[in-house]
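J.: I would like the atomic coordinates for the input below:
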Amino acid sequence: MKKGTVYLVGAGPGDPGLITVKGLACIQKADVIVYDRLASSKLLSHAAPGAELIYVGKSPAGHSMTQEEINQLLVERALKGQVVVRLKGGDPFVFGRGGEEAEVLAEAGVPFEVVPGITSAVAVPAYAGIPVTHRDCTSTLAVITGNEDPSKESSRINWEKLATGADTLVFLMGMTNLESIVKQLTRHGRDPQTPVAVICWGTRPEQKTVVGTLANIVSRTMEAGVTNPAVIIVGEVVTLREKLSWYEKKPLFGKRVLVTRSREQASQLSRAIEALGGEAVEFPTIQIVEPESYEPIDAAIARLDSYRWIIFTSVNGVRFFFARLLQQGKDVRDLKGANLCAIGPKTKEALERYALKVTYVPDEYRAEQIIAGLKGQIKPGDRILLPRADIARKVLTELLSGLGAVVDEVVAYRTIPTGEDTQLVRQMLAEGKIHIITFTSSSTVRNFVELLKEHKLPRLLQGVTVACIGPVTAQTARELGLPVHVQARRYTIEGLLEVVIEAAQGGNQDDQYQ
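T.: Predicted structure coming up:
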């Protein structure tokens, strides 16, 4: 049987955005992914359908597998002809035991490749605003394991030379031995007033940075409750943190935000959240799919020249309508004579991509405001087309009919529940790791409640800020028993982000949404 290949891939220090392009490509093509405790779980979402995920994490509390068992697992799977990714936190060859795994693979005749990762030795200090080198205060850098007990007689670390031999010292995973590390450095000549920073869970929302000197860093980290995984930086470069700190100053730093939009639309909101320093956790509660039957929309397309207005109430409505228009052998020229209305700026932008001019967009992005704006422009007998979702509110159709219009409401797409696995989200909510939940439509609320209704939802949401994109979504949330803490003043993604930032920074929340 043809041998497979093992890719020893560095996952980076925690922020999933720090995976390399090559590392991500390996994840996407793997048959088996053997992953560590410190590799971001979000990277696993890029695995191919059907890929086997095997957890082999190690922690101070215990190991799920011994290193020898991991080595054997890699060899066995590769000899079966599988493509195996060994996904390791940081870089495989920087205190990651990747060298040992590579040796075993080489001895077994298994093809392997090493895909370097961004090591926490440089990335974590960078996220804390500390450059590990700087021409004004350091020209040398040493990276040292913090796992080795500094007091043992057979230490491989030459403390006498190390203490003053490099300007910047970076110790990885050294919290357990911090006191001994400090003693060894000061005993061998390092000034007790040398600046020190300890950063735990670097590059993640939980990142915490404690700054002091060799003389007081032990007591300061104990007071702050700092534990591994942590990076310890010793040297004058630590003083630059006050000027260069950037990550911890972002408006959503330290916040995990649950995004409940459909998978196709979640990326826009997720990217915006992460640009603001938060971590987006995608939990799509809805799926956008084709209508069960195209007959109604096809009939409407066949008589496009009869419509005086076509009203679009979502970007999805635009996307599915024009996809079907093209499939029917027509194009935008067949819309001549019809006025176009878009419920909001994003829907307007979607229409403008087809070089179409939008006649009307209401100031307030809801159905009732469409009627307020079009009231004087619609005459009895005017034919109006509404291509929209199967579960859209009927209020717009009813109000237009009340003006004497002939309304053809056709299903352009359906919104259905996803059947998403709730285990990870339930666990994160129970552990207090989700800080904000965003809802962008009534359907996202309904399906979220449906997915989690068996799991004591009020208790899971304790301490979580619920943010809704507008009054209709907020009303649905309240009807289903959810608290609504903040509601966007502008019913757009940008407006939703505005109130999410205010909530994250402790801004006043309107009493009516408590």
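J.: Kindly confirm my reading that residue 498 forms part of a strand.
T.: No. Counting by DSSP: H, G, I helix; E, B strand; the rest coil, residue 498 is not part of a strand but helix.
J.: Report the separation between it and residue 253.
T.: From residue 498 across to residue 253, the span is 17 Å (C-beta to C-beta, to the nearest Å). The way it works is simple: take the backbone N, C-alpha and C, and place the C-beta from them, glycine included.
J.: likewise residue 488?
T.: 21 Å.
J.: If you count surrounding residues, which of the two has more?
T.: residue 488 (24 against 17; other C-beta atoms under 10 Å).
J.: May I ask which helix or strand encompasses the closest residue in space to the more buried one that isn't next to it in sequence?
T.: Distance criterion C-beta to C-beta, 6 or more residues apart in numbering; nearest residue to residue 488, sequence neighbours excluded, is residue 495 at 3.7 Å. Secondary structure assignment for residue 495, by DSSP states H and E: helix 493-504.
J.: Tell me which residues of that helix come out buried.
T.: 493, 495, 496, 497, 498, 499, 500, 501, 503, 504 (16 or more other C-beta atoms under 10 Å).
J.: State the three-state secondary structure for the spatially most central residue of the chain.
T.: Closest to where the C-alpha atoms of the chain average out (C-alpha atoms, centre = their mean) is residue 280, at 3.0 Å. Of the three states, residue 280 takes strand according to three-state DSSP.
J.: heads up, I number from 33, so please use that
T.: Sure, I'll start counting at 33 from here, so that last one is residue 312.
J.: in the chain, which strand has the most residues?
T.: Taking DSSP state E as the criterion, the chain has its longest strand at strand 438-449.
J.: what residue ranges in the stretch 333-482 of the chain are flagged as low confidence?
T.: Filtered on pLDDT under 70, the stretch 333-482 of the chain yields no residues whatsoever.
J.: Mind jotting down where the strands sit in the stretch 233-382 of the chain?
T.: Applying DSSP state E, counting those that start in this stretch to the stretch 233-382 of the chain gives strands spanning 240-245, 262-266, 288-291, 311-314, 318-321, 341-344, 371-374.
J.: Could you list the residues in contact with the third one?
T.: Contacts with strand 288-291, where a contact means C-beta atoms under 8 Å, 6 or more residues apart in numbering, come from 237, 298, 301-302, 305, 310-316, 457, 460, 465-470, 532.
J.: Would you state the helices of the stretch 283-432 of the chain in chain order?
T.: Taking DSSP state H, counting those that start in this stretch as the test, the helices found in the stretch 283-432 of the chain are 295-307, 327-334, 347-359, 377-384, 399-406, 427-434.
J.: Out of these, which gets nearest to residue 485?
T.: helix 295-307 (21.6 Å; C-beta to C-beta).
J.: Okay, angle between the closest one and helix 347-359 too, please.
T.: Helix 295-307 and helix 347-359 are oriented at 140 degrees to each other (axes from the mean of the first three to the mean of the last three C-alpha atoms, to 10 degrees).
J.: If you count contacts, what does helix 295-307 end up packed against?
T.: strand 288-291, strand 311-314, strand 318-321, helix 525-536 (3 or more C-beta pairs under 8 Å, 6 or more residues apart in numbering; DSSP states H and E).
J.: mind running it again at 6 Å?
T.: For helix 295-307, the elements it packs on are strand 288-291, strand 311-314, judged by 3 or more C-beta pairs under 6 Å, 6 or more residues apart in numbering; DSSP states H and E.
J.: and residue 224, what are its phi and psi?
T.: phi -60, psi -20 (degrees, to the nearest 10).
J.: quick one on the thing from earlier: could you dump the helices of the stretch 283-432 of the chain into CSV with mean neighbour count and distance to residue 165 added?
T.: What follows is those, written out as CSV (neighbours: other C-beta atoms under 10 Å; distance: least, C-beta to C-beta, whole Å):
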stretch, mean neighbour count, distance to residue 165
helix 295-307, 17, 27
helix 327-334, 16, 62
helix 347-359, 19, 47
helix 377-384, 18, 45
helix 399-406, 18, 57
helix 427-434, 16, 61
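J.: What separation is there between the residue nearest to residue 520 and residue 337?
T.: 37 Å.
J.: go on, residue 63?
T.: 55 Å.
J.: now swap in residue 193 and tell me
T.: From residue 193 to residue 337 the distance is 86 Å (C-beta to C-beta).
J.: repeat for residue 389
T.: 18 Å.
J.: next one: residue 302
T.: Applying C-beta to C-beta to residue 302 and residue 337 gives a distance of 41 Å.
J.: Tell me the secondary structure at residue 221.
T.: Residue 221 ends up coil, using three-state DSSP.
J.: show me what contacts it?
T.: 195, 196 (C-beta atoms under 6 Å, 6 or more residues apart in numbering).
J.: now residue 535
T.: Per C-beta under 6 Å, 6+ apart, neighbours of residue 535: 497, 518.
J.: How about residue 169?
T.: Residue 169 neighbours (C-beta under 6 Å, 6+ apart): residue 268.
J.: Same question for residue 230.
T.: If you count contacts by C-beta under 6 Å, 6+ apart, then residue 230 has 242, 253, 258, 262, 264 around it.
J.: so which strand or helix has it?
T.: Here residue 230, judged by DSSP H and E, is contained in strand 227-232.
J.: same deal with residue 40?
T.: Assigned by DSSP H and E, residue 40 falls in strand 37-42.
J.: Please name every helix or strand in contact with that strand.
T.: Packed next to strand 37-42, using 3+ C-beta pairs under 6 Å, 6+ apart, are helix 53-61, strand 115-120, strand 144-147.
J.: repeat that for 7 Å
T.: helix 53-61, helix 99-111, strand 115-120, helix 130-139, strand 144-147 (3 or more C-beta pairs under 7 Å, 6 or more residues apart in numbering; DSSP states H and E).
J.: Between strand 115-120 and the longest one, find me the angle.
T.: In this structure, helix 99-111 runs at an angle of 150 degrees to strand 115-120, with the same axes, to 10 degrees as the basis.
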